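Undergrad: Return a 3D structure for these sequence lines:
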Amino acid sequence: MTKPEPSTRSAVLHRDTQHIPKKAIGGKGCYIYLEDGTKFLDSTGGAAVACLGHGHEAIQQAITEQMNQLSYCHSAFFSTEASEELGRFLAESTGGQLSKAFIVSSGSEAIEAALKLARQYFLELPTPQPQRTRFIARKPSYHGVTLGALSVGGHTTRRQPFEPLLSTNTSHVSPCYPYRGKNANESDADYVARLAAELDAEFERVGPENVCAFVMETVVGASLAALPPLPTYLPAIQRIVHKHGALLILDEVMSGMGRCGTLHAWEPEGVVPDLQAIGKGLGGGYAPVSGLLIHEKIVRVLDAGTGVFRHGQTYQGHPVGCAAALAVQKVIQRDHLLENVRRMGTYLGEKLTERLGTHPHVGDIRGRGLFWGIEFVRDKATKEPFSPEAKVAGLVQEMGMDPRFGISLYAGNGTVDGVRGDHVLLAPPYNVTQEEVDLIVQKTGEVVEAVFERLEVGMVGKV
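TA: This is a model prediction of the structure:
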């Protein structure tokens, strides 16, 4: 690829140094407006973030009012009503079981805080357990880009360049992935039992007394394409984790805060985590905001111990982020949008299956609420994936960006083993209409068909 001339180069370190992305100049509802005049259908909310779409006036007003009152203060000195009210809302949303919230700015920060608090919990117990330094997570999971979050992640490609820098105190077990992991003639109950036994065996292998926590996404996002667990999986996993005295950390940065049809994705599972990371849908992209929700049992131990979480961030509890998150959550409640997520999510899944279910290179369509994934395969019968060199998911995302289609399709790879496997995600806003869902399905079908038509005539890489 020819490098851009100096006059056209950007001073921003973009995700691809050889490519300067088009500029977005506005947005309203499901659409982003580009400088070249394209009206772009944001069917993924960026990275499953824009849960109320773009340009929501009530959220903008709340942010403006907070900025007019106070834009920033340091949490070592002061609290604000915005952070206190957001904390109360989040605690009440769990029935008080997760009784405190630690508000930060990104999902990676929330995961880092969870790992550190899990460790500190065992140091603060009346009889401390300092030997608990290990974590168990799943393959090919993704929990963030900071070194701690990347260490617990199991995505081979994302980890590879930084492997020498990562901690070695995490091991990984299989995900609940029926499409690829469940054996022929194996019942759901037997499959879940096998996964639970695998986790139990891993605790025993590393020494159950050495493990701080088991970390997993309730509904897997970027690494496994909106993959929900089988109904009995989470209860089985929680039993194993608590049997060994460890904590259960649920990463709901992508799947939580309404994305899957309930405010917390664990609600249908009947499993309350010890620590829960939240993010994207919390503030809907109107401000950088994420959080860690903390179970009352951990709060009590901390209160009886030092009373101090030995961790902090400059922008912890940022007033504008808290005000934006609170406003987003109030709109979701006011407009009964979780009901719309469930109704439109069912409709989206049905229509995607109707449109692409028989496509020879669509292996699986899965999801929950307004969180759906499409997994691509070279061979539908054998489930053989495309080679990583084909970059199929990237081609689908790139084709969607073509002005002929103008739709976001969030690409992911490593679906099979952290290296091989391609998928795209769809995550429309919670207030999406049926007409907009129909358009999303139509454009998605057209993009997928266009990409594979080109691949089949040997034009890989020329989309």
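
Undergrad: which stretches of the stretch 251-400 of the chain form strands?
TA: Under the criterion DSSP state E, counting those that start in this stretch, strands of the stretch 251-400 of the chain are mapped to 275-278, 290-295, 362-368, 371-376.

Undergrad: out of the ones you listed, nearest to Y31?
TA: Relative to Y31, the nearest member of these by CB to CB is strand 371-376, separated by 19.5 Å. The C-beta positions use only the backbone N, C-alpha and C, and glycine is treated the same way.

Undergrad: tell me the most buried of the strands of the stretch 251-400 of the chain?
TA: Most buried of the strands of the stretch 251-400 of the chain by mean neighbour count (mean count of other CB atoms under 10 Å) is strand 275-278; its value is a mean of 29.

Undergrad: ok now that strand, how far from the chain's centre?
TA: 11 Å (CA atoms, centre = their mean, to the nearest Å).

Undergrad: Check stretch 207-214 too.
TA: If you compare the mean C-alpha spot of stretch 207-214 with that of the full chain, they lie 25 Å apart, counting by CA atoms, centre = their mean.

Undergrad: mind listing what's buried in that stretch?
TA: Taking 16 or more other CB atoms under 10 Å as the neighbour-count basis, stretch 207-214 is seen to contain the buried residues 208, 211-214.

Undergrad: In JSON lines: the strands of the stretch 251-400 of the chain, plus mean pLDDT.
TA: JSON lines is the format used below for those (pLDDT from 0 to 100):
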{"stretch": "strand 275-278", "mean pLDDT": "98"}
{"stretch": "strand 290-295", "mean pLDDT": "98"}
{"stretch": "strand 362-368", "mean pLDDT": "98"}
{"stretch": "strand 371-376", "mean pLDDT": "98"}
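
Undergrad: hey, where'd the helices end up in the stretch 1-150 of the chain?
TA: Listed in chain order, the helices found in the stretch 1-150 of the chain under DSSP state H, counting those that start in this stretch are 45-48, 57-69, 81-93, 107-124, 147-152.

Undergrad: my read: S83 touches P319, true?
TA: Yes. Checked against CB atoms under 8 Å, the pair S83 and P319 is within contact range at 6.8 Å.

Undergrad: quick one: least confident helix or strand in the protein?
TA: Evaluated with mean pLDDT, DSSP states H and E, the helix-and-strand set of the chain has its lowest mean pLDDT in helix 156-159, which scores a mean of 91.

Undergrad: List the buried residues in it.
TA: With the criterion 16+ other CB under 10 Å, helix 156-159 contains buried residues 158-159.

Undergrad: Low-confidence ranges, the stretch 1-150 of the chain, go.
TA: Applying pLDDT under 70 to the predicted model, the residue ranges of the stretch 1-150 of the chain that meet it are 1-8.

Undergrad: could the strands of the stretch 251-400 of the chain be laid out in CSV, adding distance to A226?
TA: What follows is these, written out as CSV (distance: least, CB to CB, whole Å):
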stretch, distance to A226
strand 275-278, 17
strand 290-295, 20
strand 362-368, 4
strand 371-376, 4
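
Undergrad: wait, which of these is closest to T94?
TA: strand 290-295 (6.7 Å).

Undergrad: Please identify the pairing partners of the closest one and their relative orientation?
TA: Listed by DSSP bridges, the sheet partners of strand 290-295 and their directions read strand 98-104 (antiparallel), strand 275-278 (antiparallel).

Undergrad: For H359, find the nearest of those.
TA: Put simply, out of those the one that sits nearest H359 is strand 275-278, at 34.4 Å, with distance taken as CB to CB.

Undergrad: Contacts for the closest one next, please.
TA: Here strand 275-278 makes contact (CB atoms under 8 Å, 6 or more residues apart in numbering) with 90, 98, 107, 110-111, 113-114, 117-118, 143, 213, 247-253, 256-257, 264, 266, 290-295, 298.

Undergrad: show me the contacts for the one residue sitting closest to the centre of the chain.
TA: Against the mean C-alpha coordinate of the chain, by CA atoms, centre = their mean, the closest residue is M254 at 2.3 Å. For M254, the set of contacting residues under the criterion of CB under 8 Å, 6+ apart consists of 47-48, 107, 217, 219, 221-222, 279-280, 371.

Undergrad: The same query, at a cut-off of 10 Å, please.
TA: Counting by CB atoms under 10 Å, 6 or more residues apart in numbering, M254 touches 47-49, 107, 142, 217-222, 226, 260, 265, 277-281, 371, 425, 427.

Undergrad: ok, the nearest residue to it once chain neighbours are set aside - how many residues close by?
TA: Of all residues not flanking M254 in the chain, G221 sits nearest, at 3.5 Å (CB to CB, 6 or more residues apart in numbering). For G221, the neighbour count with other CB atoms under 10 Å is 27.

Undergrad: So G221 is in contact with H155, correct?
TA: No. The criterion here is CB atoms under 10 Å, and G221 misses it with H155 at 11.4 Å.

Undergrad: so where does M216 fall, helix or strand?
TA: Secondary structure assignment for M216, by DSSP states H and E: strand 211-217.

Undergrad: Sort out which residues of the helix or strand that comes right after that strand are buried, please.
TA: Using DSSP H and E, the helix or strand that follows strand 211-217 towards the C-terminus is helix 233-243. Buried residues in helix 233-243, counting neighbours by 16+ other CB under 10 Å, are found at 233-234, 236-238, 240-241.

Undergrad: picking that back up, where's the residue nearest to M254 relative to C260, distance?
TA: Using CB to CB, to the nearest Å, G221 is found at 10 Å from C260.
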